[in-house]
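Visitor: Sequence first, then the predicted structure:
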Amino acid sequence: MSTSPEIRSRIVWDYAPAPESPDHVRLRDSYGLFVDGDFRDPVDGTRVPTLNPATEEPVAEIAFAGPADLRRAVEAGRRAQPGWAALSGLERGKYLFRIARLIQERARELAIVESLDGGKPVRESRDVDVPLAAAHFFHYAGWADKLAYGVGGRAVEPLGVAAQIVPWNFPLLMAAWKLAPALACGNTSVLKPAETTPLTALLLAEILQEAELPPGVVSIVPGDGAAGAALVRQPDIDKVAFTGSTGVGKDIQAALAGRGVSLTLELGGKSANIVFEDAALDQAVEGIVNGIFFNQGHVCCAGSRLLIQESVADTVIGKLWERMGRLRVGDPLDKNTDVGAINSLEQLERIRSLVSAGEEEGAVRRSIACELPERGWWFAPTVFTEVAPAHRIAVEEIFGPVVSVLTFRTQAEAIEKANNSTYGLAAGIWTDKGAKAFEVASALQAGVVWQNTYNHFDPTAAFGGYKESGFGREGGPAGLRPYLRVT
Ligand code: NAD
């Protein structure tokens with residue numbers, strides 16, 4: 001049975017708007033493709049506007065790559081690769097350090113553009129996306145002259161030209177996750193940003209120019225899914241690194257079968273956030289909120305399946321609902337905003353349709369009542385209770401600000417329910433008992449397990465999936481191996 005949205009708890013005080021000013025941001029009206037060291041007109045591509053999801057207004061015009069453009073980018077990468085690999089690790093590392101420093105110098109601008117183009121709260125772009133992107137370049141700058149140490153002292157060579165495809169939820173950060181290890185290891189790259197969020201990758205292209213990265217070492221070619229599909233089918237690539245949905249990951253794996261092209265896939269998830277009765281419950285509620293409402297829930301490792309021990313379920317749900325009532329939804333450029341705009345109309349429709357499925361299947365929905373701006377794409381933070389493990393909202397990735405609550409009685413049941421998923425990307429464990437946390441973590445089929453925290457990222461730690469969440473690791477020394485031939 002479903003209920004209508006409840007009125008949210010009364011706000012005790014009002015916040016004065018604290019908008020970040022975009023006045024100092026100098027965007028071009030139109031961006032070409034960044035190929036062989038320069039911005040170029042597309043040969044057989046098109047030009048499309050990129051929209052601000054909070055206003056539906058165009059932010060800039062972007063060139064989308066066609067097949068000939070992709071070929072040119074791969075050829076440029078092929079030409080540049082031997083020279084790049086021939087540099088000493090120390091020299092390659094210097095370029096990466098320079099890129100990291102330039103990201104820091106332009107941090108405020110990058111944060112604003114990330115929020116304008118993608119809809120995420122500027123507080124998150126400023127405090128998470130941009131600093132972590134710089135940290136990834138710093139981290140792999142340090143590895144560039146120590147590659148053999150990262151793989152147990154074995155001899156290493158780069159793979160060659162990498163085709164790298166990223167999604168729209170962390171556009172700059174995912175570009176950094178892909179580029180930094182590839183370049184440190186002596187590969188060149190053709191990076192394809194997602195169709196709805198190409199802008200920070202193009203600002204990164206300006207940074208690469210300023211860092212005087214040799215032409216062709218990185219090309220950045222925005223485009224849609226068809227461009228991604230054409231890129232992975234280019235004959236002269238050695239490596240594909242993909243972050244995105246499981247369906248597309250399977251298509252790429254099929255396209256590469258038998259071609260001797262190395263592949264890493266970072267795919268979707270339906271991660272369990274497990275709250276035991278002995279947890280610090282107020283702290284756990286903060287972690288639940290951060291786990292699912294961070295970046296509007298557009299997070300591959302979002303804690304979208306909340307498993308609460310039955311004895312504290314009512315208490316935790318009560319506290320969560322009370323906390324959700326204080327989330328501020330709205331203008332992504334306002335520094336008070338907790339939940340920004342949904343990235344695209346298409347994604348909003350997908351969230352709506354899965355939420356309707358949850359109601360139809362009998363789960364109880366509560367969405368906070370909040371004033372949403374008239375234009376733009378928005379979805380109020382939502383919690384589903386009375387969820388059965390077979391409900392679509394307990395199984396499928398919603399990729400929005402929607403959490404599904406299930407309960408358990410014993411530790412064994414918690415583990416069984418957490419692992420009852422085709423995915424295995426991440427998990428959270430909330431308990432006061434260290435031994436219990438280790439025992440549960442060891443039994444979970446998840447690439448990342450957080451204890452008493454959630455959505456905590458660090459460039460030194462490996463990230464990646466089990467099962468349909470993909471394979472290969474990004475981050476830390478483990479993130480070097482997918483870009484090296486180890487002999
Ligand atoms: P998506 O798979 O539709 O798109 C991802 C990227 O792939 C985009 O650049 C897109 O243009 C491109 N693409 C689309 N079709 C393609 C094809 N046939 N061949 C090659 N490239 C193609 O996914 P999305 O909707 O943009 O992103 C959301 C998904 O990404 C979610 O499932 C989420 O869990 C996943 N994701 C995973 C991680 C991770 O690290 N595991 C991180 C972020 C997002």
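Guide: That came through, no problem.
Visitor: Now Asp117: which helix or strand?
Guide: helix 107-118 (DSSP states H and E).
Visitor: Following the chain past the helix or strand encompassing Lys250, name the next helix or strand.
Guide: Using DSSP H and E, Lys250 sits within helix 246-256. The element immediately downstream of helix 246-256 (helix or strand, assigned by DSSP H and E) is strand 262-266.
Visitor: As CSV, could you dump the C-alpha coordinates of that following strand?
Guide: C-alpha atoms of strand 262-266 as CSV (Å, rounded to 0.1, in the frame of the first residue of the first chain):
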residue,chain,number,x,y,z
SER,A,262,42.6,-4.9,-22.4
LEU,A,263,39.4,-3.9,-20.6
THR,A,264,38.3,-2.5,-17.3
LEU,A,265,34.7,-1.9,-16.4
GLU,A,266,33.3,0.2,-13.6
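Visitor: Okay, now the sheet partners of the helix or strand just after it, with direction.
Guide: The helix or strand immediately downstream of strand 262-266 is strand 272-275, counting by DSSP H and E. Note on strand 272-275: by DSSP bridges, its sheet partners are strand 305-309 (parallel), strand 426-430 (parallel).
Visitor: Skip ahead from the last one and say which helix or strand is next.
Guide: Remark: after strand 426-430, the chain's next helix or strand is helix 434-443, criterion DSSP H and E.
Visitor: which outside residues touch that following helix?
Guide: For helix 434-443, contacts defined as CB atoms under 8 Å, 6 or more residues apart in numbering pick out 274, 276, 278, 411, 414-415, 419, 427, 429, 431, 449, 451-452. (Each C-beta comes from the backbone N, C-alpha and C, glycine too.)
Visitor: List the buried residues in that helix.
Guide: 437, 440-441, 443 (16 or more other CB atoms under 10 Å).
Visitor: Leaving aside the residues adjacent along the chain, what's closest to the residue of the chain at minimum distance from the ligand?
Guide: Closest to the ligand within the chain is Gly228: 2.1 Å, counting by CB to the nearest ligand atom. Spatial nearest neighbour of Gly228, chain neighbours left out: Ile165 (4.9 Å); criterion: CB to CB, 6 or more residues apart in numbering.
Visitor: That neighbour: what's it in contact with?
Guide: Contact partners of Ile165, counting by CB under 8 Å, 6+ apart, are 191-192, 228, 231-232, 240-244.
Visitor: quick one, phi psi at it?
Guide: Per-residue torsions, Ile165: phi -120, psi 130 (degrees, to the nearest 10).
Visitor: same check, this time on the one 10 residues further on
Guide: Here the main-chain torsion angles of Ala175 (degrees, to the nearest 10) amount to phi -60, psi -40.
Visitor: secondary structure class for the nearest residue to it once chain neighbours are set aside?
Guide: Distances taken as CB to CB, 6+ apart place Ala201 nearest to Ala175, at 5.1 Å, with adjacent residues excluded. Following DSSP: H, G, I helix; E, B strand; the rest coil, the label given to Ala201 is helix.
Visitor: Enumerate every residue touching Ala201.
Guide: Applying CB under 8 Å, 6+ apart to Ala201 gives the contacts 166, 171-172, 175, 191, 193, 220, 222.
Visitor: and the ligand, which of the residues you listed reach it?
Guide: Contacts with the ligand within the contacts of Ala201, counted by CB under 6 Å from any ligand atom: Val166.
Visitor: Strands - which of the contacts of Ala201 land there?
Guide: Among the contacts of Ala201, the members found in strands (DSSP state E) are 191, 220.
Visitor: now for the contacts of Ala201, which pair is the farthest apart?
Guide: Leu172 and Pro222 (13.5 Å; CB to CB).
Visitor: What parts of the chain come near the ligand?
Guide: Selection of the chain residues close to the ligand by CB under 6 Å from any ligand atom yields 165-169, 192, 194-195, 224-225, 228-229, 232, 243-245, 248, 251-252, 266-269, 300, 397, 399, 425, 465, 470.
Visitor: Buried among those? Make that a ChimeraX selection.
Guide: Buried subset of the residues of the chain next to the ligand, written as a ChimeraX selection, criterion 16+ other CB under 10 Å:
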select :165,166,167,168,169,192,194,195,228,232,243,244,245,248,251,252,266,267,268,269,300,397,399,425,465,470
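Visitor: Grab the most central residue of the protein for me.
Guide: What sits nearest the mean C-alpha location of the chain, by CA atoms, centre = their mean, is Phe170, with 4.2 Å.
Visitor: for that residue, what are its contacts?
Guide: 129, 295.
Visitor: Give the buried residues for the helix holding Lys250.
Guide: Buried residues in helix 246-256 (16+ other CB under 10 Å): 246, 248-249, 251-253, 256.
Visitor: Quick check: of those, which lies closest to Pro381?
Guide: Using CB to CB, the buried residues of helix 246-256 come closest to Pro381 at Thr246, 24.9 Å.
Visitor: Show me the shaky parts of the stretch 1-150 of the chain.
Guide: 1-13 (pLDDT under 70).
Visitor: can you give me the strands in it?
Guide: Counting by DSSP state E, counting those that start in this stretch, the segments of the stretch 1-150 of the chain that form strands are 30-31, 33-35, 38-40, 46-51, 58-64.
Visitor: still on that earlier bit, is it possible to get CSV of the buried residues of helix 246-256 that adds pLDDT?
Guide: Output for the buried residues of helix 246-256, formatted as CSV (pLDDT from 0 to 100):
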residue, pLDDT
Thr246, 97
Val248, 98
Gly249, 98
Asp251, 98
Ile252, 98
Gln253, 98
Leu256, 98
